[in-house]
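> Sequence first, predicted model second:
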Amino acid sequence: MIKRRTKILATMGPSTDKPGMLEKVIKAGADVVRLNFSHGDPQEHMGRAAAVRAMAEKLGRHVGVLVDLQGPKIRIDRFADGRIELNEGDKFTLDTAMDPRGGTRECVGVAYKELPNDVSGGDILLLDDGRIVLKVESVAGSKVHCRVETGGPLSDKKGINRQGGGLSAMALTDQDREHIKVAAKLDADYLAISFPRSAADVNEARELMLAAGGNAGIVAKIERAEALDALEGIIAASDAVMIARGDLGVEIGDASLPPVQKHIITLARKMNRAVITATQMMESMITSQIPTRAEVFDVANAVFDGTDAVMLSAETATGNFPDKAVAAMGRICLEAEKQRLTTQSDHRINTQFERIDEAIAMASMYTANHLGVKAIAALTESGSTPLWMSRISSSIPIYALTSHVKTQRKVTLYRGVYPVSFSIPNTDHAQVNRQAVGELQRCGEVQDGDLVIITKGDLMGVMGGTNAMKIVRVGDMVEPTN
């Protein structure tokens, strides 16, 4: 059976809480689940994480858990009547000192108290993902006086963006710091931080996670215009990046988003980091059982670009057909992966390698792509070697053989990498090779006559110790002579 290489993140929510739905979502192909801390309470999320892991064990699957922090609340407050209608040319004021529940057609409160200090006359503010456009005319004390450029309905708690970026809210709020402790307690595999502006924000989140006793990989959500100016530093500090196309598209403009997405994916892969493409990928499937053709192209193009994973948000969290959304996304990824451009790579072909294990990973993929290898068995402690391998475009599956449950869940995010539970009972290399290939045979992944590449270290069980590559033929377990 052809394995899908691009991974699927599915957001948990009320829809996946329905009886029997979580099992359907995992069976449909969810590789990683997202717990969105913008909604719900910690106990609710801890319950969902436990349910996911219990279901994954029942189904014989490895499923990663990603905790997504809310980040700063750059939002308007509430209206007395719940919503208003704004018309082009209307005067409208944002007031940080106003009653948070007393909004009217003329004025509304703002949860983000620094707004008057961050904007000035002539700035463009975008509310509700850009559906409402306001031009700042003046700032007086707590009041930001605006003129409506694009009107429409506006309801409670909608987000605010400044065109071009520039809002100074810190990436991590006090609530986020508390939620990092929750993420550590539920043993999250990944922690996504919202609105980072620099590598310092990423480093702070990692330090807080480690201090809380967790070791989740840090995912930087690229959703601020300022983040693009510090992109290399942010990627270098992270374990993965998420292209959060909602706020990012509002700040830089929708027309600028496609080339930026391609650039982020290319740069992340070049820097050996995983990358997630997110937001509105199959939004019509919140209420429809099939995606639009535009959504099909969107998912496929992300696969062509080399994304590690594609993400579903409301489609699975609150949509009517969570399992069907996952299944549809899986079908699109599989078809896109059949195209030749997804299996060819010149990644780091002219680059000096700095580490022996990285060089082994690159050599293995080059060999596999040119020798007709059926599978790669990477014996790994931390998952680094399979990650490096997955940066090379290929149709050959990479099996991460490890005894560490944390590593098994971590690699669920990597494109073309599949975790396999594997314990090394002794240090006899020939016997370990036979057992590794035997494990792939038992899983039905290889059969007699297939070529398999095995990578491991002389000192097995040591992180960063991969220094050997061996090519074997299933059935005879000797190096092929032709």
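Sure thing, it's come through.
> and residue 15, that one's in a strand?
No - judged by DSSP: H, G, I helix; E, B strand; the rest coil, residue 15 forms no part of a strand; its state is helix.
> Pretty sure it sits against residue 324.
No - under the criterion of Cβ atoms under 8 Å, residue 15 makes no contact with residue 324, lying 11.2 Å away. All C-beta atoms are positioned from the backbone trio N, CA, C, and that covers glycine.
> Could you report the separation of residue 360 from residue 465?
According to Cβ to Cβ, to the nearest Å, residue 360 stands 10 Å off from residue 465.
> Give me the neighbour count for the closest residue to residue 63 other than its chain neighbours.
Counting by Cβ to Cβ, 6 or more residues apart in numbering, residue 56 is the residue found nearest to residue 63 once chain neighbours are left out, at 4.1 Å. Using other Cβ atoms under 10 Å, residue 56 has 21 other residues around it.
> hang on, the earlier thing: of residue 360 and residue 465, who's got more company?
residue 360 (23 against 19).
> does that one count as helix, strand or coil?
Secondary structure, three-state DSSP: residue 360 is helix.
> list the contacts for it?
Contact analysis of residue 360 by Cβ atoms under 8 Å, 6 or more residues apart in numbering lists 385, 455, 466-469.
> By neighbours, which of those residues wins?
For the contacts of residue 360, neighbours tallied by other Cβ under 10 Å; top is residue 466, 30 neighbours.
> Just give the closest residue to that one, not the sequence neighbours.
residue 357 (3.9 Å).
> you'd agree that neighbour is in a strand?
No - Residue 357: not assigned to a strand; according to three-state DSSP it is helix.
> how close does it get to residue 239?
Counting by Cβ to Cβ - residue 357 and residue 239 are separated by 17 Å.
> The two: which has the busier surroundings?
More crowded of residue 357 and residue 239, by other Cβ under 10 Å: residue 357, with 22 against 19.
> Could I get the contacting residues of that one?
384-385, 388, 457, 464-467.
> out of those residues, who's nearest residue 52?
residue 384 (25.0 Å; Cβ to Cβ).
> Where does the prediction get shaky in this structure?
1, 341-353, 425-427, 458-464, 477-482 (pLDDT under 70).
> Swap in 80 and give it another go.
1-2, 73, 340-354, 424-428, 458-465, 476-482 (pLDDT under 80).
> Work out which residue lies at the spatial centre of it.
Residue closest to the average C-alpha location in the chain (Cα atoms, centre = their mean): residue 276, at 3.6 Å.
> ok, residues contacting the helix or strand hosting it?
Using DSSP states H and E, residue 276 sits within strand 274-278. Outside of strand 274-278, the residues within contact range by Cβ under 8 Å, 6+ apart are 9, 219, 239-245, 261, 264-265, 268-269, 302, 305-311, 313, 387, 390, 413-415.
> So in that sheet, which strands flank that strand, and in what orientation?
Sheet pairing of strand 274-278 (DSSP bridges) gives strand 240-244 (parallel), strand 309-312 (parallel).
> distance between it and the chain's centre?
In terms of Cα atoms, centre = their mean, to the nearest Å, the centre of strand 274-278 is found 4 Å from the chain centre.
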